[in-house]
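>>> Sequence below, structure please.
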Amino acid sequence: MKIAFWLYFFMFLAFFDLHAQYPILTPFALSLGAAPAFIGWMMGIYALTHLPGNLIAGQGVDRHGSRGYMIFSLLSAGVILLLQAHVTEPWQLLVLRSISGFVLAFLSPACLALLASLATDAVKQGKLMAGHGVMHTLASVVSPAAGAFLVARTGFTLTFQALGWLMIATGVIAMFTIKEPPKLKTALQQQPTQKVPVKLNVIPVYFYLLPFAVSCAQGILYFELPLQAGGVSGIMHTGLYFSIISLGALATLSLLFLNHFSPYIRTYLGILGIALSFFSLAALDSVPIIVSLFALGMAKGVIFPAMASVFIDLCGGQRLGTVFSLQSIAMSIGSFLGPIIAGTMHNTYSPYFFAFVILMLVIIIVPAWKRNIPTAYTIPTER
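Residues are numbered from 1 along each chain as shown. Below is the predicted model:
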């Protein structure tokens with residue numbers, strides 16, 4: 001449990017660092033003279049470069065363990081933040097964000113794999129993963145407001161430097177505190193190669209529209225909300241807005257009884273809730289923005305655990321790494337396209353309304369129940 005404590009500590013600090021940047025990146029880019037369309041590309045490129053990092057991390061962690069990838073990710077991300085503090089041109093920020101997306105892609109798979117390896121049974125594993133979710137949510141509640149507060153008091157340069165040194169210090173501490181569990185070391189050394197047949201359910205492609213649409217809408221929100229709050233002058237409001245979303249998510253994540261309901265129904269209702277929240281942001285000026293954002297956060301708190309359960313059920317619990325890799329690809333593509341679409345249409349139409357439309361289309365296309373899955377096929381795999 002000592003390793004679990006340090007992992008939670010590192011994940012909280014890493015998530016704190018990441019979420020603290022959400023309300024300040026768009027104002028920072030504006031201060032450099034970047035146009036809205038360019039800011040959309042800057043935010044989207046992070047998701048695009050995150051994709052190959054995730055794919056490499058999945059194989060690398062299985063073969064070599066988590067420790068090295070965690071330390072590399074933390075130290076590299078810290079150095080990039082230090083460099084980011086001194087950029088003077090928009091293209092420099094674009095390059096650094098693209099590199100940051102790649103190196104940080106290793107952190108989450110490495111932490112989750114090491115955390116899962118600490119469990120001796122499914123119940124304990126579930127508790128450890130729940131702790132991961134709590135750390136992520138708590139960090140996302142506090143950090144946006146903290147990041148905005150730092151910029152308001154010290155400016156962009158000192159804020160990025162502080163976040164960078166925090167990430168580097170976390171990586172240094174990880175060098176001395178994180179060790180691979182003995183049983184995991186043994187498994188990595190043995191690397192058995194016996195091939196056995198595994199049956200896989202063929203998941204219909206349209207189910208991957210769920211993570212794509214949600215992440216696309218989220219990318220639109222991350223682009224548009226700082227601009228709606230006033231850009232550089234409204235940075236404190238932006239930080240508070242993102243914290244309100246996280247508070248809404250925390251409210252529904254705390255309702256454990258929701259897990260007793262069908263994950264398909266929960267996913268359907270969660271997407272509907274996000275869509276209606278975006279419609280409120282786009283067209284209902286009479287609804288306070290705080291109410292719309294809190295409702296959006298509550299819907300997010302419903303949908304993300306439910307969507308994971310949907311994919312586990314669809315694949316029959318087999319080859320989860322492959323299934324969640326495909327889900328990650330869908331989310332990365334959505335996160336890439338969302339800010340770009342928002343930046344392109346920002347001066348003509350409401351990006352919030354586009355997010356509403358794409359979410360409603362997904363509700364129409366994807367059923368809220370499990371249809372007959374095509375006959376499973378068998379592939380050889382190593383064990």
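>>> Could you use CA atoms for every contact and neighbour count after this?
Will do.
>>> which residue sits closest to residue 225, ignoring its sequence neighbours?
Taking CA to CA, 6 or more residues apart in numbering, and ignoring the residues beside it in sequence, residue 225 has residue 238 as its nearest neighbour in space, at 6.9 Å.
>>> Name the helix or strand for the one you found, please.
With elements taken from DSSP states H and E, the one containing residue 238 is helix 235-253.
>>> what's near enough to touch residue 90?
Taking CA atoms under 8 Å, 6 or more residues apart in numbering as the contact definition, residue 90 lies against 29, 32-34.
>>> May I ask which of those has the most neighbours?
Highest neighbour count within those: residue 29, with 23 neighbours (other CA atoms under 10 Å).
>>> Was I right to think that residue contacts residue 41?
No: using CA atoms under 8 Å as the test, residue 29 is too far from residue 41 to be in contact (11.3 Å).
>>> how about the helices of the stretch 101-250 of the chain, start to end?
Assignment of helices within the stretch 101-250 of the chain using DSSP state H, counting those that start in this stretch yields the ranges 107-117, 122-154, 156-177, 182-190, 209-228, 235-253.
>>> Quick one: closest of those helices to residue 275.
Minimum separation from residue 275 across the helices of the stretch 101-250 of the chain (CA to CA) falls at helix 209-228, 8.8 Å.
>>> list the buried ones in that closest one?
Taking 16 or more other CA atoms under 10 Å as the basis for neighbour counts, the residues of helix 209-228 that come out buried are 209-227.
>>> Could I get the average pLDDT for stretch 224-236?
With pLDDT averaged residue by residue, stretch 224-236 scores 67.
>>> Repeat that for stretch 84-96.
Confidence for stretch 84-96, expressed as mean pLDDT, is 88.
>>> now do stretch 241-250
Rounded mean pLDDT across stretch 241-250 is 82.
>>> Alpha carbons of it, as CSV, please.
Once side chains and other backbone atoms are set aside, the C-alpha atoms of stretch 241-250 remain, and they are given as CSV (Å, rounded to 0.1, in the frame of the first residue of the first chain):
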residue,chain,number,x,y,z
TYR,A,241,-15.8,27.8,-14.6
PHE,A,242,-13.6,24.7,-15.1
SER,A,243,-13.7,24.0,-11.3
ILE,A,244,-17.5,24.2,-11.4
ILE,A,245,-17.6,21.5,-14.1
SER,A,246,-15.4,19.3,-12.0
LEU,A,247,-17.6,19.8,-8.9
GLY,A,248,-20.6,18.7,-10.9
ALA,A,249,-18.7,15.6,-12.0
LEU,A,250,-17.7,14.9,-8.4
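>>> now that stretch, how far from the centre of its chain.
Using CA atoms, centre = their mean, to the nearest Å, the mean C-alpha position of stretch 241-250 is found 14 Å from that of the whole chain.
>>> quick one: contacts for the residue nearest to residue 225?
Residues touching residue 238, when contacts are defined by CA under 8 Å, 6+ apart, comprise 23, 144-145, 148, 225-226, 229.
>>> Next, the angle from the strand or helix carrying residue 277 to helix 209-228.
Per DSSP H and E, residue 277 falls inside helix 263-283. With axes from the mean of the first three to the mean of the last three CA atoms, to 10 degrees defining the directions, helix 263-283 sits at 30 degrees from helix 209-228.
>>> Which residues belonging to helix 263-283 are considered buried?
Of the residues in helix 263-283, those with enough neighbours to count as buried (16+ other CA under 10 Å) are 263-264, 266-282.
>>> cool, stretch 247-265 as well?
Residues 247-250, 252-253, 263-264 are the ones in stretch 247-265 that count as buried (16+ other CA under 10 Å).
>>> do the same with stretch 345-363
Neighbour counts using 16+ other CA under 10 Å place 346, 350-360, 362-363 of stretch 345-363 among the buried residues.
>>> how about TSV for the helices of the stretch 101-250 of the chain, with distance to residue 292 added?
Shown next, in TSV, are the helices of the stretch 101-250 of the chain (distance: least, CA to CA, whole Å):
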stretch	distance to residue 292
helix 107-117	30
helix 122-154	17
helix 156-177	29
helix 182-190	45
helix 209-228	12
helix 235-253	9
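>>> weakest of the ones you listed by average pLDDT?
Comparing mean pLDDT over the helices of the stretch 101-250 of the chain, the weakest stretch is helix 182-190, at a mean of 53.
>>> Return the residues in contact with residue 29.
For residue 29, the contacting residues are 39, 90, 93, by CA under 8 Å, 6+ apart.
>>> give me that answer again for 7 Å
Taking CA atoms under 7 Å, 6 or more residues apart in numbering, we find residue 29 in contact with 39, 90.
>>> looking at this, it is in a strand?
No: when classified by DSSP: H, G, I helix; E, B strand; the rest coil, residue 29 is found to be helix rather than part of a strand.
>>> any idea how far residue 71 is from it?
Shown here: residue 29 relative to residue 71, a distance of 29 Å by CA to CA, to the nearest Å.
>>> Kindly report the same for residue 273.
Between residue 273 and residue 71 the distance is 38 Å, computed by CA to CA.
>>> and if you look at residue 136?
Plainly put, residue 136 is 19 Å away from residue 71 if you go by CA to CA.
>>> now swap in residue 143 and tell me
Using CA to CA, one obtains 22 Å as the distance from residue 143 to residue 71.
>>> more neighbours, those two?
For residue 143 versus residue 71, neighbours defined as other CA under 10 Å are more numerous around residue 143 (26 against 22).
>>> Excluding covalently adjacent residues, which one is nearest to the more buried one?
Taking CA to CA, 6+ apart as the measure, residue 143 lies nearest to residue 20, with 4.6 Å between them; neighbours along the chain are not counted.
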